[in-house]
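Participant: Generate coordinates for the sequence data below:
(one chain, ligands or ions: 2)
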Amino acid sequence: MGSLDQRMDKSIAKEITTQLGADNDDRLEHLKAFDDTKAGVKGLIDAGITSLPKIFIRPVDELVEESNIGRSQAQVPVIDLSGIQSDDQRKRIVSELRRASEEWGFFQVVNHGIPESVLNGMIDGICKFHEQDTELKKEYYSRDQLRKVRYESNIDLYHSRAANWRDSLTISLVACNELEPDELPQVCRGTAIDYVNHVTKLGGTLFDLLSEALGMKLDNLRAMECGRGRTFVGHYYPACPEPDLTLGTNRHTDAAFLTILLQDHIGGLQFLHDDQWTDVPPIPGGLVASIADLLQIVSNDKFKSVEHRVIANRTGPRISVPCFFAGAVVPAKIYGPVKELISEKSPALYREFTVREFLDHFMSKPIDKSGLDHFKI
Ligand SMILES: O=C(O)CCC(=O)C(=O)O
Ligand SMILES: [Fe+2]
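Facilitator: Ligands and ions are numbered 1, 2, ... in the order given. Next up, the predicted model:
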């Protein structure tokens with residue numbers, strides 16, 4: 001902190017903050033000015049803003065609609081993976097997983113085998129990345145989806161109706177399997193590699209359990225390479241001066257098969273259950289798992305991909321690290337409802353497609369609109 005560059009950044013960010021707050025609707029210009037700082041939402045906070053720049057304020061119709069959605073006290077299922085090697089315990093786990101995937105779409109897993117030190121190390125590494133000198137972060141700032149490692153604020157900045165109060169570091173293992181250590185930012189290099197390896201393994205375990213939960217025998221999800229094409233995203237949600245006017249993450253479903261998410265102790269993640277926002281409270285050592293769009297499709301709607309969001313908070317920063325398992329993108333594999341799950345009584349609800357086609361469609365639509373309809377028969 002306090003270098004000349006950083007002080008220059010602060011004065012630029014202050015100027016931009018004033019522009020962003022200006023009462024005119026030249027939104028694109030404001031978005032570009034914000035994007036050009038390459039300092040993200042964190043940069044606005046560093047510049048000392050005390051009110052929300054206009055680009056982050058949600059449209060009135062959305063705020064009104066939102067106020068009609070209730071809050072639920074329902075408890076998201078917690079699945080204990082201990083004893084998974086024993087037949088009895090595995091049966092219990094599979095049956096809990098089936099219920100959670102059919103009725104909730106969201107659940108937490110504990111005793112999953114990833115040491116707490118690895119989880120805490122990842123949270124710490126992501127926090128350090130976002131809190132390092134802006135000049136060091138800037139070299140990673142990019143909107144090029146093909147880059148393996150990139151940092152940006154709001155992946156859908158130019159498409160959404162209101163920007164989200166968060167910055168993100170993306171590590172994409174979609175087009176390749178391997179990650180060279182020096183491709184990663186130095187501050188989180190060791191911890192990120194450790195975490196990626198552990199979560200990749202846990203993903204394989206969960207896909208096997210989910211195959212069993214779907215009653216599949218031979219053609220299981222692991223064999224379909226659902227666990228390939230992973231994207232890890234290290235979100236940083238700074239403390240927000242006016243949390244009621246914006247969101248940390250807009251409501252959406254995930255464009256993947258499965259998401260495994262690590263969150264710190266702050267909280268704010270919510271999903272829709274019985275049409276009400278339901279909290280996913282942080283559990284020390286636990287991980288959140290959720291069914292995403294592609295698993296809803298291959299399961300022919302047996303499993304549900306549910307909408308979720310993150311509320312903004314006066315307290316922060318909040319760190320979360322979702323890993324999206326998106327299947328085999330390269331070489332392209334064809335996905336659609338699994339043959340074993342379709343019959344005369346239960347015909348295929350979706351057509352076949354490649355993940356690339358799915359992801360391209362996902363990126364071309366507003367993030368808060370479901371991508372599933374496009375592939376419905
Ligand atoms: O930060 C979170 O808890 C959720 C983020 C999320 O839903 C996403 O990145 O898709
Ligand atoms: Fe999500």
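Participant: tell me the SS of the nearest residue to I126 once chain neighbours are set aside?
Facilitator: Closest residue in space to I126, ignoring its immediate chain neighbours: G234 at 3.5 Å, by CB to CB, 6 or more residues apart in numbering. C-beta: built from backbone N, CA, C; applies to glycine. Here G234 is recorded as strand under DSSP: H, G, I helix; E, B strand; the rest coil.
Participant: so what's G234 up against?
Facilitator: By CB atoms under 8 Å, 6 or more residues apart in numbering, the contact list for G234 reads 122, 125-126, 129-130, 168-171, 188, 319, 321.
Participant: residues contacting N250?
Facilitator: By CB under 8 Å, 6+ apart, the residues touching N250 are 160, 162, 164, 309, 367-368.
Participant: just these now: which is nearest ligand 1?
Facilitator: When the contacts of N250 are ranked by distance to ligand 1 (CB to the nearest ligand atom), R309 comes first, at 7.3 Å.
Participant: host element of the nearest residue in space to that closest one that is not next to it in sequence?
Facilitator: Once flanking residues are discounted, R309 sits nearest to R251: 4.3 Å by CB to CB, 6+ apart. Using DSSP states H and E, R251 falls within strand 247-252.
Participant: helix or strand right after that strand?
Facilitator: Next element after strand 247-252 (DSSP H and E): strand 258-263.
Participant: counting contacts, what elements does that following strand pack onto?
Facilitator: Using 3 or more CB pairs under 8 Å, 6 or more residues apart in numbering; DSSP states H and E, the elements in contact with strand 258-263 are helix 116-131, helix 189-213, strand 287-291, strand 318-325.
Participant: Return the residues in contact with the residue of the stretch 201-350 of the chain found nearest ligand 1.
Facilitator: Using CB to the nearest ligand atom, the closest approach of the stretch 201-350 of the chain to ligand 1 is made by S320 at 3.4 Å. By CB under 8 Å, 6+ apart, S320 lies in contact with 235, 237, 261-264, 269, 310.
Participant: distance between stretch 361-377 and the chain's centre?
Facilitator: In terms of CA atoms, centre = their mean, to the nearest Å, the centre of stretch 361-377 is found 16 Å from the chain centre.
Participant: before we move on, what about stretch 291-302?
Facilitator: 17 Å.
Participant: now do stretch 318-336
Facilitator: For stretch 318-336, the separation from the chain centroid amounts to 11 Å (computed by CA atoms, centre = their mean).
Participant: How about stretch 198-206?
Facilitator: Put simply, stretch 198-206 sits 17 Å off its chain's centre (CA atoms, centre = their mean).
Participant: would you put the C-alpha positions of it in CSV?
Facilitator: Provided in CSV are the C-alpha atoms of stretch 198-206 (Å, rounded to 0.1, in the frame of the first residue of the first chain):
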residue,chain,number,x,y,z
HIS,A,198,-8.2,-32.1,-4.1
VAL,A,199,-11.5,-30.7,-5.6
THR,A,200,-10.9,-32.5,-8.9
LYS,A,201,-10.7,-35.8,-6.9
LEU,A,202,-13.8,-35.0,-4.8
GLY,A,203,-15.7,-34.2,-8.0
GLY,A,204,-14.9,-37.7,-9.3
THR,A,205,-16.3,-39.2,-6.1
LEU,A,206,-19.4,-37.1,-6.3
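Participant: neighbouring contacts of it?
Facilitator: So stretch 198-206 is in contact with 81, 84, 97, 109, 112-114, 118, 222, 227, 230, 232, 258, 260, 287, 289, 323, 325, going by CB under 8 Å, 6+ apart.
Participant: List the contacts of L184.
Facilitator: Contacts of L184 (CB under 8 Å, 6+ apart): 149, 171, 192-193.
Participant: correction: R228
Facilitator: Counting by CB under 8 Å, 6+ apart, R228 touches 177, 325-329.
Participant: what do you get if the cut-off is 6 Å, keeping everything else the same?
Facilitator: Listed by CB atoms under 6 Å, 6 or more residues apart in numbering, the contact partners of R228 are 327-328.
Participant: Show me what the residue most central in space within the chain is bridged to.
Facilitator: When CA atoms, centre = their mean is applied to the chain, the residue found nearest the centroid is P322 (4.5 Å). Under the criterion DSSP bridges, P322 forms beta bridges with L261.
Participant: Go ahead and confirm it touches I260.
Facilitator: No - P322 lies out of contact with I260 (CB atoms under 6 Å); the separation is 7.3 Å.
Participant: circling back to that earlier point, redo the helices and strands packed on strand 258-263 as TSV? Include distance to R92 and mean pLDDT.
Facilitator: Formatted as TSV, the helices and strands packed on strand 258-263 follow (distance: least, CB to CB, whole Å; pLDDT from 0 to 100):
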stretch	distance to R92	mean pLDDT
helix 116-131	24	98
helix 189-213	11	94
strand 287-291	17	98
strand 318-325	24	98
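Participant: need the residues of this protein near ligand 1, please.
Facilitator: Neighbours of ligand 1 within the chain, by CB under 6 Å from any ligand atom: 233, 235, 249, 254, 261, 263, 269, 308, 310, 320, 322.
Participant: Could I get the CA-only coordinates of stretch 322-336 as CSV?
Facilitator: The C-alpha coordinates for stretch 322-336 follow below in CSV (Å, rounded to 0.1, in the frame of the first residue of the first chain):
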residue,chain,number,x,y,z
PRO,A,322,-16.8,-22.2,-6.9
CYS,A,323,-15.4,-25.0,-9.1
PHE,A,324,-17.7,-25.6,-12.2
PHE,A,325,-17.4,-29.1,-13.7
ALA,A,326,-18.4,-28.6,-17.3
GLY,A,327,-17.6,-31.9,-19.0
ALA,A,328,-15.4,-32.6,-22.0
VAL,A,329,-15.1,-29.5,-24.1
VAL,A,330,-12.0,-30.6,-26.0
PRO,A,331,-12.3,-33.1,-27.6
ALA,A,332,-15.9,-32.2,-28.0
LYS,A,333,-18.3,-34.7,-26.6
ILE,A,334,-22.0,-34.9,-27.3
TYR,A,335,-24.3,-34.6,-24.3
GLY,A,336,-28.1,-35.1,-23.9
